[in-house]
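# Generate a structure from the sequence data that follows.
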Amino acid sequence: MRDDDHRAPGRRRAGPWLLALVVCVAVGAGAPAWSQSRDAARYAVTADDLAAGRAALGSLPVRGRAPSTGYARERFGQAWADVDRNGCDTRNDILRRDLVATVVEDCVVLSGTLDDPYTGVPIPFARGPGSAEVQVDHVVALSDAWQKGAQAWTVNQREAFANDPANLLAVDGPANQEKGAGDAATWLPPQRGYRCVYALRQVRVKAAYGLWVTAAERDALNRELNGCVVATVSPP
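Residues are numbered from 1 along each chain as shown. Take a look at the predicted model:
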């Protein structure tokens with residue numbers, strides 16, 4: 001909400017990205033911080049969300065990465081199972097949730113457009129030979145989960161995790177392939193402004209499922225939370 005009643009002509013209230021930018025300049029962060037602060041403001045979070053994320057990160061056990069021995073996609077149940085029993089597989093549920101201007105037939109998303117959070121580039125989607133341009137990412141990768149606690153779960157627990165919408169995001173296919181099974185210490189979205197939201201999502205998922213983090217991963221997540229832009233509301 002904007003306050004337009006008592007401003008001089010031509011003046012606009014400073015948005016949260018501009019306030020963050022001014023802080024960056026004051027501490028000598030330089031030009032790159034300007035762009036990152038502006039981009040982060042596009043994905044501003046609430047103070048409550050950020051506080052909850054910090055608390056969740058502080059609650060995560062810090063341990064070394066377990067071996068990936070025994071990992072296979074099949075360990076997490078049927079791929080894109082209809083776990084919510086709505087008649088549609090999970091992949092199409094997520095495409096329908098994350099894409100706009102979709103054309104859907106019998107649960108199958110035939111076309112649409114993704115405003116990709118990882119790259120910031122709009123991606124047209126059409127089911128067919130080029131459909132891999134849009135992929136559904138496990139924000140906390142299945143292999144990463146396997147090495148940080150999921151080995152001890154039942155098959156049903158792993159299948160629920162693999163199909164949990166809170167851990168799924170439609171994204172740019174090449175970026176998803178580049179990420180692979182990386183955690184926050186080894187891969188972050190190319191669009192820097194989205195990294196705060198990405199880190200919050202990883203933290204919440206890991207906390208909800210009782211997974212742990214490595215020391216390097218914890219430090220990377222904490223660094224991204226420190227770069228979050230908190231949404232502000234202009235007074236009436």
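
# Looks to me like residue 114 is in a strand.
Yes. Counting by DSSP: H, G, I helix; E, B strand; the rest coil, residue 114 is located in a strand.

# Give the other helices and strands that the helix or strand containing residue 216 contacts.
Element membership for residue 216 (DSSP states H and E) is helix 215-226. When contacts are defined as 3 or more C-beta pairs under 8 Å, 6 or more residues apart in numbering; DSSP states H and E, helix 215-226 packs onto helix 47-59, helix 195-209. Just so you know, the C-beta spots here come from the backbone N, C-alpha and C atoms, and that holds for glycine as well.

# For residue 99, find the nearest of those helices.
Between residue 99 and these, the shortest gap by C-beta to C-beta is with helix 195-209, which sits at 18.0 Å.

# check contacts around the residue positioned nearest the centre of the chain.
The centroid of the chain falls nearest to residue 198 when counting by C-alpha atoms, centre = their mean (3.2 Å). By C-beta atoms under 8 Å, 6 or more residues apart in numbering, the residues touching residue 198 are 117, 139, 184, 188, 189, 224.

# contacting residues around residue 202?
Contacts here follow C-beta under 8 Å, 6+ apart; on that basis residue 202 touches 139, 140, 183, 184, 221.

# For the helix holding residue 216, which outside residues touch it?
Outside helix 215-226, the residues that touch it by C-beta under 8 Å, 6+ apart are 50, 53-54, 57, 60, 62, 183-185, 188, 195-196, 198-200, 202-203, 213.

# For this protein, give me the ranges with low pLDDT.
Applying pLDDT under 70 to the chain flags residues 1-39, 233-236.
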